[in-house]
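>>> Mind folding the following:
(chains A and B)
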Amino acid sequence: MALVILRRLAQALITVAVVLTLVFLLFSVIPGNYVSSLMAEKRGVDPAVAARIAASLHLNDPTPLRLWHYFVDLLHGNLGVSFSTQQPVTEMLSGRIFASVRLALAAISFAIVTGLPLGYLAASRQGRWVDGVAMVFAVSGLSVPAFWFGLLAMYVFSLQLGLLPTFGYGGGDLAHLVMPALTLGIAPMALLARTTRAAVLETRNADFIRTARSKGMSEGRLVRKHLARNAFVLILTMIGLQFGAMLGGSVVIESLFAWPGVGSLLIQSVGLRDIPVVQGCILVIVLFFLAVNTLVDIAYLIIDPRIRYK
Amino acid sequence: MSGTEKMTERTEDVLRIENLQIALRSEHGDDPAIEALNLSIGRGEVVGLVGESGCGKSLTALAVAGLLRDPMHVTGGRILLGGEDIAHLPNRSMRSLRGNRIAMIFQEPMTALNPLMTIGDQIGEMFVLHRGMSAGAARKAAIAALDQVQVPSAARRIREYPHQLSGGMRQRVMIAIALACDPELLIADEPTTALDVTIQAEILDLILDLCRERHTAVLMISHDLGLVARICRRVAVMYAGHLIEEQAAGQIFATPQHPYTRGLVGALPRLGRRLVEGQQPLTEIPGVVPAIGDFGTGCRFAPRCPSAMARCREAVPRTTQLPQGGRIRCFLHD
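Sure thing, here's the model as predicted:
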């Protein structure tokens, strides 16, 4: 088990290095840098001042050199300093990571708590109207753009019904969390419902379920002891992937709801070409994805004896 | 003399299927899948049920165990277990019979066991369900049950998972589960088909030995007439939902009466008879078993039958007694 985790960590390290290098190279290839976006924003910046800023930020250094400096700093735990605010990137991120993870946790909880029962219900009424309604619901959840759903929810729950605050973090109360979490969780919920339905149907037709039936047990015991765990093995990967991708996926939702998370910071920083901050945000998103998937792998080691002995 | 013996046997039939009808529910009503099936098994008797895939053997077995799933359902007839009709029992009563008085072994030992549950728990579950044992007592009983099917170091094995066992070992576990509660009837649905030839005989002997000791009646379902004729006392042959012939095992192999049974016997390779060209060739039965709903009006075997007559295509033959004992559903004997 320790060996598996160690191997996962090594893989994660390589992934992080590759992703960061790619992002870095991407930003040196696309036109425009911090100074050009500054000049576009505030017309009339003295070219001499612009040149001095560029020099002080090492923007004119050759790309390999800048990449080298970036990785050396990174190894010292230094994510650099924001071009625009002059704040250390680690400091800017620290408060926002918690907000983003909180939102992701709320969203995945919603997706699991509603998606799994919905999928199970659809599977156990396969071909009946409940199944049809649930699956139409699931497909709509997948095809409706999240930001549109968010706007709709804002209109209905805040403006018309006045039940929930429109946007913002609001000092971390639950009321502010509800709408962003639902908006972010709706697509994963739909996907989990579909996955669960398929997993339950597949498991229900398995030979060992027929064996369990031939033993003469109640339907409840059959589901609890034989069906649920086997079906869950098929669903767990999807939960992990959805949860892991949530920090990256929340970029639009965070901006929409003015949620002070990593995603909204990323959007601002990309606009400003504030590369150190962009790199920092992406590092967080990638690390979160890798951490969640490593946890899922460990969960599999615990749940499924077949994997333990491989 | 043998007649009176037969009479006493009949009175203590463990299983007696009378005029069983099973149908497939479809949009335009019920399509018959099994019609007018009669079969009985005495205490401790081993009866074979033979036929090609899709002829209704497994359907019959599932009906006896009350495991038919929609859209298949029993539309008529009786299934008597120890004299009590179980064809229309409510679910709850059927559950207390299943596993307890009627047990099943299936074809695929590789997939028939729950991959996430230890062997011990899967065997022990039987004692928890039908004997009301505690988890601890069930574990002890599971070790004993595993010991009985000759799995070495059973006390250690019960902590293992199915994937750690070979196919033969898994089938032994299935047997341990099936016989855990001393059932009166064991339905073995192709129990050795998926196993290595070298292990097949071991597993069969194990099933037969254990059942002989306990006087458990066995319904042995197989497509292998040779195997069934070797181990069973009586053999019934099914074709497209009809029971078409039943004879004592020795006779059916030596003197098959129904053209379909003759076809099955002719298709069997026999050891020690060299297949020189033109001498004793293996024959095959041309065509395939018709699907449910495609049975037509006449004898269901008529389209493939080498001796089919005009009347065979017009009406279904009735079941008649054979002079040497047994019965047949064929116009050649009507």
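>>> Ends of stretch B:53-73, what's the gap?
19 Å (Cα to Cα, to the nearest Å).
>>> And for stretch A:33-52?
Start-to-end, stretch A:33-52 (Cα to Cα) is 14 Å.
>>> contacts for it?
Taking contacts as Cβ atoms under 8 Å, 6 or more residues apart in numbering or on different chains, the residues outside stretch A:33-52 that touch it are A:53, A:54, A:57, A:59, A:83, A:84, A:271, A:272, A:273, A:274, A:275. Placement of C-beta: from N, CA and C, glycine included.
>>> Was I right to think residue B:22 contacts residue B:34?
Yes: the pair residue B:22 / residue B:34 is scored as a contact, 4.0 Å apart, by Cβ atoms under 8 Å.
>>> Which of these two has more residues huddled nearby?
In this comparison of residue B:22 against residue B:34, neighbours counted by other Cβ atoms under 10 Å in any protein chain shown, the higher total goes to residue B:34 at 28 against 25.
>>> Contacts only, for that one.
Contact analysis of residue B:34 by Cβ under 8 Å, 6+ apart lists B:20, B:21, B:22, B:56, B:59, B:60, B:63, B:241.
>>> which residue ranges form the strands in chain B?
B:13-26, B:29-42, B:46-50, B:72-81, B:84-85, B:102-105, B:185-189, B:217-222, B:234-239, B:242-248, B:319-321, B:327-329 (DSSP state E).
>>> Next, the angle strand B:29-42 makes with the third one.
The reference is to strand B:46-50. Regarding strand B:46-50 and strand B:29-42, their directions subtend 150 degrees when assessed with axes from the mean of the first three to the mean of the last three Cα atoms, to 10 degrees.
>>> Of the contacts of residue B:34 - the most surrounded one?
residue B:60 (29 neighbours).
>>> Grab the most central residue of chain A for me.
residue A:246 (1.5 Å; Cα atoms, centre = their mean).
>>> Quick check: the residue in the stretch 151-300 of chain B that chain A sits nearest to vs residue A:62, distance?
Nearest residue of the stretch 151-300 of chain B to chain A, counting by Cβ to the nearest Cβ: residue B:161, 4.3 Å away. In this structure, residue B:161 and residue A:62 are 58 Å apart, going by Cβ to Cβ, to the nearest Å.
>>> Neighbour count for those two, which is higher?
When residue B:161 and residue A:62 are compared on other Cβ under 10 Å, the one with more neighbours turns out to be residue B:161, at 20 against 9.
>>> follow-up on the earlier one: please pick the buried ones from the contacts of stretch A:33-52.
For the contacts of stretch A:33-52, burial is judged from neighbour counts taken by 16 or more other Cβ atoms under 10 Å in any protein chain shown, and it is met by A:53, A:54, A:57, A:59, A:83, A:84, A:272, A:273, A:274, A:275.
>>> surely the third one meets residue A:83?
Looking back up the chat, that one is residue A:57. Yes: under the criterion of Cβ under 8 Å, residue A:57 is in contact with residue A:83, at a separation of 5.9 Å.
>>> What does the residue nearest to the centre of chain A show for phi and psi?
Backbone geometry at residue A:246, expressed as degrees, to the nearest 10, gives phi -70, psi -40.
>>> out of everything not next to it in sequence, what's closest to it?
Nearest in space to residue A:246, with sequence neighbours left out and distances taken as Cβ to Cβ, 6 or more residues apart in numbering or on different chains, is residue A:104 at 4.0 Å.
>>> Could I get the full set of helices for the stretch 101-250 of chain B?
Under the criterion DSSP state H, counting those that start in this stretch, helices of the stretch 101-250 of chain B are mapped to B:119-131, B:135-148, B:154-157, B:167-179, B:197-214, B:225-231, B:249-254.
>>> a markdown table please, covering the ones you listed and showing mean pLDDT and distance to chain A.
Converted to a markdown table, the helices of the stretch 101-250 of chain B look like this (pLDDT from 0 to 100; distance: least, Cβ to the nearest Cβ, whole Å):
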| stretch | mean pLDDT | distance to chain A |
| --- | --- | --- |
| helix B:119-131 | 96 | 6 |
| helix B:135-148 | 95 | 13 |
| helix B:154-157 | 94 | 14 |
| helix B:167-179 | 95 | 7 |
| helix B:197-214 | 92 | 16 |
| helix B:225-231 | 87 | 21 |
| helix B:249-254 | 88 | 26 |
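>>> Burial-wise, tell me which of these comes out on top.
Counting by mean count of other Cβ atoms under 10 Å in any protein chain shown, helix B:167-179 has the highest mean neighbour count of the helices of the stretch 101-250 of chain B, with a mean of 24.
>>> That helix packs against which elements?
Counting by 3 or more Cβ pairs under 8 Å, 6 or more residues apart in numbering or on different chains; DSSP states H and E, the packing neighbours recorded for helix B:167-179 are strand B:102-105, helix B:119-131, helix B:135-148, helix B:197-214.
>>> near chain B, which residues of chain A show up?
Within chain A, the positions near chain B by Cβ under 8 Å from any Cβ of the partner chain are A:206-208, A:210-218, A:221, A:225-226, A:229-230, A:233, A:303-306, A:309.
>>> give me that answer again for 6 Å
With the criterion set to Cβ under 6 Å from any Cβ of the partner chain, chain A comes near chain B through A:207-208, A:211, A:213-217, A:226, A:229-230, A:305-306.
>>> so, if you compare those residues, which one comes nearest to residue B:123?
Distances from residue B:123 to the residues of chain A next to chain B, taken as Cβ to Cβ, are shortest for residue A:215 (10.1 Å).
>>> how about the closest one, what does it touch?
By Cβ atoms under 6 Å, 6 or more residues apart in numbering or on different chains, the contact list for residue A:215 reads residue B:99.
>>> let's see it at 7 Å
B:99, B:125, B:126, B:129, B:177 (Cβ atoms under 7 Å, 6 or more residues apart in numbering or on different chains).
>>> and the two most separated of the residues you listed?
Of all pairs drawn from the contacts of residue A:215, the one with the longest distance (Cβ to Cβ) is B:129 and B:177, at 10.8 Å.
>>> can you map out the helices along the stretch 151-300 of chain A?
Under DSSP H, counting those that start in this stretch, the stretch 151-300 of chain A gives helices at A:174-204, A:207-214, A:219-221, A:228-244, A:246-256, A:262-272, A:275-303.
>>> residues making contact with the fourth one?
Under the criterion Cβ under 7 Å, 6+ apart, residues A:104, A:108, A:111-112, A:188, A:191-192, A:195-196, A:199-200, A:202-203, A:288-289, A:292-293, A:296, A:299-300, A:303-304, B:116 lie in contact with helix A:228-244.
>>> picking that back up, quick one, which of the helices of the stretch 101-250 of chain B is nearest to residue A:166?
With Cβ to Cβ as the criterion, residue A:166 lies closest to helix B:119-131 of these, at 53.3 Å.
>>> Give me the contacts around the closest one.
Under the criterion Cβ under 7 Å, 6+ apart, residues A:215-217, B:99-100, B:113-114, B:133, B:138-139, B:141-142, B:145-146, B:157-160, B:162, B:173, B:176-177, B:180-181 lie in contact with helix B:119-131.
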